[in-house]
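**Student:** give me coordinates for this.
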Amino acid sequence: MKLSVSYFILALIAIIPNSIWSQKLITNELIWASQEFATESFSGFNSMNDGLHYSAAERSDAFGTKIIKYKFSDGLEAGVIATSKDVFGDATKMIEDYSFNSDETKLLIETEIEGIYRYSYFARYSVYDLITGKTFPLASEKLSKQRLATFSPDGSKIAFVRDNNLFITELSSQKETQITFDGEKNKIINGASDWVYEEELELVQGYAWSPDGNRIAYYRFDESQVKEFSMDIFGELYPQQERFKYPKAGENNSIVNVFVFDILRRENRMVDTGSEKDIYLPRIFWTQSNEGLCVMRMNRHQNKMELLLTDYANATPYSLPVTTLYSESSETYIDVAGDITFMTDGSFISLSERDGYRHLWWFNKDGSVKQQITNGKWDIIDYYGFDSITLTAYYSSSAGGATEKHVYASQIKKGKVIVEKLDKSFGYSDAYFSEGYKFFIINNSNASTPPIITLYDRSGKEIRVLKNNERLNSRLTDYGLVPKEFFTMKNSNGDTLNCWMMKPRDYTPDKKYPVLLAIYGGPGSNTVNNRWEGRGNLWHQMLCQKGYIVVSCDPRGTQYRGRKFKHATYMNLGKLETEDFIDLAKYLGEQTFVDKSRIGIQGWSYGGYMTSLCMTKGADYFKAGIAVAPVTNWKYYDSVYTERFLRTPAENSGGYENNSPINFVDGLKGKYLLIHGSADDNVHFQNTMDMTSALVAANKPFEMFVYPNKNHGISGGKTRLHLYEKMTNFLLDNL
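**Tutor:** Numbering: from 1, shown residues only. You can find the predicted model right below:
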């Protein structure tokens with residue numbers, strides 16, 4: 001008997017490919033707590049005025065931080081601009097960020113950065129004069145830290161926010177002038193934005209310099225009527241309670257106004273944005289005129305957008321009237337456009353979905369259409385800018401399909417648009433442009449290849465590869481990664497959905513495998529992308545090594561396929577997406593290689609919301625689910641995001657009640673794991689607590705894990721390692 005077993009084992013070894021035996025195992029420890037899979041990245045560059053050089057900050061044992069000037073053309077060092085030792089006389093004090101004034105004779109240095117919310121932070125600022133070699137602090141260390149400090153366009157002044165008030169410092173005299181005086185935490189904010197504008201409208205800096213630097217436009221947020229949200233921060237004998245203003249769906253928003261302060265005349269005028277105050281003012285832009293401030297106004301439903309232009313000819317001492325430059329309406333909602341490019345003649349370039357897809361349009365100064373710059377059944381993803389000399393727009397788009405992202409230049413010549421694709425590879429690309437668009441950098445990756453970062457000149461000639469992730473590529477070969485197989489599936493409505501699948505390395509079609517759906521599913525974030533996904537992808541690779549098939553899908557309501565597809569979920573957020581994921585589970589269950597009794601689902605944030613709906617409404621198709629930081633009741637989420645897709649609870653109670661998981665816990669059958677950070681300022685822990693109460697009331701077994709003092713990202717220290725170990729073990733035990 002022993003001889004027969006040994007012979008069988010030797011025979012088995014002989015027929016198994018060597019690559020499987022040599023395959024190294026991926027572990028959560030390697031993914032989340034080591035540098036084994038560290039990816040070389042590129043966060044952009046600080047282009048110098050001449051467009052031929054750039055600067056970068058690097059660490060130095062002898063000098064602290066060194067800000068070095070490099071040539072774009074060959075990457076060679078062109079000189080050291082400044083060091084920590086120069087600025088502070090102390091090599092141990094690191095420069096955490098910096099910016100130049102307009103003529104590059106001064107540096108604004110940031111230290112002691114302290115995060116607030118997703119994008120905002122406090123810091124200590126210092127000004128370093130590159131001519132005299134002298135440094136002075138923007139404010140005394142006895143005062144609170146500052147925020148959002150920037151040079152004026154002429155480089156003679158710096159504006160910043162402290163204690164919710166706006167200040168200006170004249171650099172020649174170092175004299176500080178206070179512009180506003182009523183700033184108060186959780187009440188009045190001047191020059192910055194409130195929580196919901198930062199999170200959902202991506203407005204952080206709440207002021208803008210006029211082109212000549214003699215006027216400054218700024219926001220004033222009155223949060224007094226916005227209800228506070230509180231959460232305990234644990235660790236001390238008595239927990240500290242963090243309180244901040246958070247407008248939930250249907251509740252009061254901040255009352256927002258825009259002012260223009262004339263620095264020379266000491267005049268402060270409020271822009272007349274109308275008598276209706278329950279509105280949004282998502283953006284302010286200066287045109288190329290010092291009297292032309294453009295204010296974007298949207299109604300609370302976010303389905304009407306107007307561009308208002310200040311009218312100085314009819315200004316009063318305290319009020320600044322406006323004229324309507326452009327208006328656009330929708331039956332659903334309008335996404336806030338990014339940058340608007342104004343020309344010297346008052347015409348402007350902006351993004352719009354007016355033809356059903358997100359494209360660039362050139363409008364006359366009266367708001368009429370001058371020319372459509374991009375056109376096609378695809379969406380622009382990023383708008384990088386417009387070269388007014390060559391009449392060229394630079395952007396990325398989904399012209400190659402919703403799973404791809406490529407970089408293009410559209411040049412207008414004699415009224416015709418000539419389109420050029422700037423990146424040379426397939427997959428997913430991001431771009432960074434130098435001043436004057438003389439050079440550009442392409443960051444390209446695909447599902448199986450980490451980023452390759454390449455520098456090109458204006459003509460498209462490759463100058464050099466900046467980073468190729470050769471080390472990571474070499475290491476990945478040892479782990480036998482499996483490819484992502486992209487495919488499409490038709491849902492029960494007849495819509496074609498984009499998906500990908502990863503199979504175990506030893507996959508054979510005559511065996512049945514368990515499947516995990518790794519999903520998000522919400523507006524604004526696709527998961528089916530032909531790009532390198534980093535650590536998340538490696539976790540999926542680890543599950544494949546453990547014998548699971550991993551699948552993802554972008555349901556109706558996701559982006560880059562035009563307005564109709566993206567807006568399909570309007571007023572019923574969650575309904576169609578859940579149906580699509582259930583259709584996907586049914587489709588997978590019909591495949592001969594899938595064990596339809598072992599299909600699981602996992603997602604974070606909106607993905608956690610989708611997981612919770614699928615585990616309740618789709619309980620017959622999912623054996624196990626992991627919901628991380630999920631929305632469980634849309635009434636608990638913020639006003640801007642929720643009302644954009646559902647309107648208010650009073651207007652659309654069915655849309656809220658019929659698609660909130662908290663109302664469907666009776667349907668739960670499978671194993672359900674609920675995870676949340678107790679200090680989540682975005683999707684509040686309240687969602688998980690109320691879901692827990694509902695599950696208990698329905699006598700439904702489930703598991704829950706809470707990460708104390710962790711926000712929506714659930715990170716820091718070994719937190720991510722612990723989280724992914726928790727999720728891995730749950731899947732091994734229950735799927």
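**Student:** so how many other residues sit close to residue 425?
**Tutor:** 14 (other C-beta atoms under 10 Å). Backbone N, C-alpha and C define where each C-beta goes, glycine included.
**Student:** now it: how far from residue 441?
**Tutor:** Distance from residue 425 to residue 441, counting by C-beta to C-beta, to the nearest Å: 14 Å.
**Student:** also residue 466?
**Tutor:** Distance from residue 466 to residue 441, by C-beta to C-beta: 7 Å.
**Student:** and these two? Which one has more around it.
**Tutor:** Higher neighbour count among residue 466 and residue 441: residue 441, with 21 against 16, using other C-beta under 10 Å.
**Student:** hmm, back to that, so what sits against both of residue 466 and residue 441?
**Tutor:** Between them, residue 466 and residue 441 share these contacting residues under C-beta atoms under 8 Å, 6 or more residues apart in numbering: 42, 453, 454, 455.
**Student:** of the residues you listed, buried ones?
**Tutor:** Neighbour-count burial (16 or more other C-beta atoms under 10 Å) applied to the shared contacts of residue 466 and residue 441 gives 453, 454, 455.
**Student:** now the element after the strand or helix carrying the first one, going C-ward?
**Tutor:** Taking DSSP states H and E as the criterion, the element that holds residue 453 is strand 449-457. Tracing the chain C-terminally past strand 449-457 and defining elements by DSSP H and E, one meets strand 462-467 next.
**Student:** what comes up buried for that following strand?
**Tutor:** Neighbour-count burial for strand 462-467 [16+ other C-beta under 10 Å]: 463, 466, 467.
**Student:** which residues sit against that strand?
**Tutor:** Contacts to strand 462-467, defined as C-beta under 8 Å, 6+ apart, come from residues 40-42, 72-75, 424, 439, 441, 451-457.
**Student:** for that strand, which strands pair with it and how are they oriented?
**Tutor:** As defined by DSSP bridges, the strand partners of strand 462-467 come to strand 449-457 (antiparallel).
**Student:** quick one: the partner strand to chain centroid distance?
**Tutor:** In this view, strand 449-457 has its centroid 21 Å away from the chain centroid, taken as C-alpha atoms, centre = their mean, to the nearest Å.
**Student:** for the residue lying closest to residue 60 once chain neighbours are set aside, list each beta-bridge partner.
**Tutor:** Nearest residue to residue 60 in three dimensions, chain neighbours excluded: residue 66, at 4.7 Å (C-beta to C-beta, 6 or more residues apart in numbering). Residue 66 has these beta-bridge partners by DSSP bridges: residue 58, residue 83.
**Student:** isn't residue 66 right up against residue 85?
**Tutor:** No: at 9.1 Å, residue 66 does not count as touching residue 85 under the criterion of C-beta atoms under 8 Å.
**Student:** of these two, which one has the most company?
**Tutor:** Taking other C-beta under 10 Å, residue 66 and residue 85 do not tie; residue 66 has more neighbours (20 against 17).
**Student:** per-residue confidence at the more buried one?
**Tutor:** On pLDDT, residue 66 comes in at 92.
**Student:** can you give me the strands for the stretch 501-650 of the chain?
**Tutor:** When assigned using DSSP state E, counting those that start in this stretch, the strands of the stretch 501-650 of the chain occupy the ranges 513-519, 549-554, 594-604, 624-628.
**Student:** format the ones you listed as TSV; extra columns: mean pLDDT, mean neighbour count and distance to residue 235.
**Tutor:** Converted to TSV, the strands of the stretch 501-650 of the chain look like this (pLDDT from 0 to 100; neighbours: other C-beta atoms under 10 Å; distance: least, C-beta to C-beta, whole Å):
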stretch	mean pLDDT	mean neighbour count	distance to residue 235
strand 513-519	98	24	33
strand 549-554	98	26	37
strand 594-604	98	22	25
strand 624-628	98	28	23
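**Student:** out of those, nearest to residue 306?
**Tutor:** Closest approach to residue 306 among those (C-beta to C-beta): strand 549-554, 32.1 Å.
**Student:** now for the closest one, which elements pack on it?
**Tutor:** Using 3 or more C-beta pairs under 8 Å, 6 or more residues apart in numbering; DSSP states H and E, the elements in contact with strand 549-554 are strand 496-502, strand 513-519, helix 535-545, helix 575-589.
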